[in-house]
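J.: Model the following, please.
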Amino acid sequence: MVQRISLSICFLLSTFLLAPSLFSENISGNYIEVNEKSKVCMVNDFYNPMADFSEFKVTIDKKDYYGCCAMCKEKLTMSIDHREAVDPLTEEKVDKAKAYIVADKTNKGKTLYFKNKENFQRFATQ
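T.: Predicted coordinates for the structure are as follows:
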């Protein structure tokens with residue numbers, strides 16, 4: 001299991017270091033819109049365009065959350081803290097399953113969660 005996680009981490013890092021052109025949905029500067037939430041680890045807050053984290057999906061109250069490993073799946077199940085984020089513009093809590101998500105190309109796919117697209121657009125033009 002540890003070897004599998006290590007291989008997954010190596011794959012994720014190589015994706016971001018070797019293939020920045022995979023981030024093709026540039027919406028504002030260095031950010032891209034995340035359309036497939038199954039490509040986001042909502043515990044570690046990163047986006048991998050090559051991944052499919054469906055195996056580690058958690059459904060709570062008819063909302064889907066994704067982790068990149070069994071440990072992340074457990075954290076999403078056990079703690080609301082991993083299912084919520086703070087909107088960088090308004091500083092209000094947002095549900096990651098319902099949030100407008102963007103990934104930062106300059107920060108290895110770090111994800112930011114916004115209440116809506118308008119909040120992101122205002123944030124990006126500050």
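J.: C-alpha from now on. contacts and neighbour counts both.
T.: Will do.
J.: For the residue nearest to residue 30 when sequence neighbours are not counted, give me phi and psi.
T.: Nearest-residue entry for residue 30: residue 105, 5.4 Å, with adjacent residues in sequence omitted and distances by C-alpha to C-alpha, 6 or more residues apart in numbering. In terms of degrees, to the nearest 10, the main-chain angles of residue 105 are phi -70, psi -30.
J.: Now do residue 105: how many residues are near it, please.
T.: If you count neighbours by other C-alpha atoms under 10 Å, residue 105 ends up with 21.
J.: What's the separation between it and residue 118?
T.: 20 Å (C-alpha to C-alpha, to the nearest Å).
J.: re the thing from before, tell me how far the residue nearest to residue 30 lies from residue 87.
T.: For residue 105 relative to residue 87 (C-alpha to C-alpha), the value is 18 Å.
J.: how about low-confidence regions in the chain?
T.: 1-28 (pLDDT under 70).
J.: For the most centrally placed residue in the chain, name its beta-bridge partners.
T.: The chain has residue 40 as the residue nearest its centroid, 3.4 Å off, counting by C-alpha atoms, centre = their mean. Residue 40 has these beta-bridge partners by DSSP bridges: residue 47.
J.: show me the contacts for it.
T.: Residue 40 makes contact with 46, 47, 48, 53, 66, 67, 68, 111 under the criterion C-alpha atoms under 8 Å, 6 or more residues apart in numbering.
J.: count of neighbours near the nearest residue to the third one once chain neighbours are set aside?
T.: Pointing back at residue 48 there. By the measure of C-alpha to C-alpha, 6+ apart, the closest residue to residue 48 outside its immediate chain neighbours is residue 39, 5.5 Å from it. Number of residues near residue 39 (other C-alpha under 10 Å) recorded here: 20.
J.: Next: residue 91.
T.: Counted with other C-alpha under 10 Å, residue 91 comes out at 11.
J.: ok, now the one 10 residues further on?
T.: By other C-alpha under 10 Å, the residues close to residue 101 number 24.
J.: mind checking how far the residue nearest to the centre of the chain is from residue 96?
T.: For residue 40, the distance to residue 96 - C-alpha to C-alpha - is 10 Å.
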